[in-house]
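[1] fold the following for me, if possible:
(one chain, ligands or ions: 1)
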Amino acid sequence: MRTVYNFSAGPAMMPEPVLTRAAEEMLDYRGTGMSVMEMSHRSKQYDAIFQSVKASLREIMGIPQTHQILFIQGGATLQFSMVAMNLLKTSADYVITGEFSGKAAKEAARLGKTRIAADMASCGHTRIPSQSELDLDPSADYVHICTNNTIFGTTWNYVPQTGGVPLVTDMSSSILSEPVDVSKYGLIYAGAQKNMGPAGLAVVILREDLAVPNPALPGYLSYAAQLKGDSMINTPPTYGIYLLGLVLDWVRDMGGLEHMKRYNTQKAALLYDVLDASSLFKSGVDKSCRSMMNVVFSTGDAELDDKFVKEAAASGFVTLKGHRSVGGMRASIYNAMPMEGVEKLAQFMRDFERKA
Ligand code: PMP
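    Numbering: from 1, shown residues only. Take a look at the predicted model:
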């Protein structure tokens, strides 16, 4: 039984039915007499799991036939480099809207020419640039964005127009939280440890024509080689992929991504309503860019923030401390956080303010 609501930014809460099912199948996966962890990745049993996870992801995200799915290790961080290694030929545009898009740009700059199409550090990353603020190079190899900014709590509320230049996005902290028109992207990548499963797995969804073979690249780091080997050029993170399959079954049972969006919108509104009505808690995020996944706030007083985090933990609301680079508090409310957890946190915040 769970004893806390875990607001961690990732690794984060998993849906309870997923954990229960994984526990039930732990020792004997559906009559095979072994755990999924013990199966050869080349076995018939594991291949059936692997192919069905890919099919589920394709179905749930509506991934068109033009795009393929890869499972890769190294987290989202390796994708900062892999994207550039594979796609950066002449010059790439990066939009900086927070810590991780900044890191992605830095990694790419080691490998080739990058341009910064916008850098929202100038406003403390409190908002996303508008289309007209993007200084895009029409001949860039790709434009890179980060859909949801885990640390600053902002999110793109539109898909930027790039004039045919492939759009690459880091969707680590929002994938599976709402429907996405995959056809608008050249490449989507995400570390699994927020909305998809355990850490150790990154999912890449890419337009097949962007995976151009390059013999100069190490095989593991080549999208073309990974596609050719169906993510099996070495041992993939087999158990993480299986858990992603259970998460996808759960998303489907819940009603798919349309349902997740409604549910996540309602959950986030509970917290933003508290912030809007509060004279104690503040959110610096522009209302048009508020994240549904990471709600960032503070009292403006570091000691009081600390008191809030401690008292919240004592009441069963854990991991609410904000990222070390911004301080304050952050409630990460990914798909698996139940409405009840958010309602109770909202009530705790109101009670804390009354007593402060
Ligand atoms: N991008 C985003 C948006 C993230 O939130 C994170 C991790 N919190 C990363 C990238 C880095 O992911 P990983 O640890 O899987 O490399």
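
[2] quick one, what contacts Leu217?
    85-86, 225 (C-beta atoms under 8 Å, 6 or more residues apart in numbering). The way it works is simple: take the backbone N, C-alpha and C, and place the C-beta from them, glycine included.

[3] now it: how far from the ligand?
    20 Å (C-beta to the nearest ligand atom, to the nearest Å).

[4] tell me how far that residue lies from Gly186.
    Distance of Leu217 to Gly186, given as C-beta to C-beta, to the nearest Å: 18 Å.

[5] specify the local secondary structure of Ser139.
    Secondary structure state of Ser139, per DSSP: H, G, I helix; E, B strand; the rest coil, is coil.

[6] with Ile233 instead?
    coil.

[7] what about it, how many neighbours?
    If you count neighbours by other C-beta atoms under 10 Å, Ile233 ends up with 14.

[8] correct me if wrong: it contacts Gly219.
    Yes - Ile233 lies in contact with Gly219 (C-beta atoms under 8 Å); the separation is 6.1 Å.

[9] between these two, which contacts overlap?
    Joint contacts of Ile233 and Gly219 (C-beta under 8 Å, 6+ apart) are Ala225.

[10] backbone dihedrals for His67, please?
    Main-chain dihedrals, His67, degrees, to the nearest 10: phi -110, psi 150.

[11] list the contacts for it?
    His67 neighbours (C-beta under 8 Å, 6+ apart): 182-183, 205-208.

[12] beta partners of it?
    Beta-bridge partners for His67, by DSSP bridges, are Arg207.

[13] go on, Ser298?
    Assigned bridge partners for Ser298, using DSSP bridges, are Lys282.

[14] so it makes contact with Ala331?
    No - taking contacts as C-beta under 8 Å, Ser298 lies outside contact range of Ala331: 11.9 Å.

[15] rewinding a little: closest to the ligand out of the contacts of His67?
    Ile205 (15.2 Å; C-beta to the nearest ligand atom).

[16] so that closest one lies in a strand, does it not?
    Yes - counting by three-state DSSP, Ile205 is part of a strand.

[17] any idea how many residues pack against it?
    24.

[18] for it, which non-adjacent residue is closest in space?
    Take Ile205 and drop its neighbours on the chain: the residue closest to it by C-beta to C-beta, 6 or more residues apart in numbering is Ile188, 4.4 Å away.

[19] that neighbour is in what secondary structure piece?
    Assigned by DSSP states H and E, Ile188 belongs to strand 187-191.
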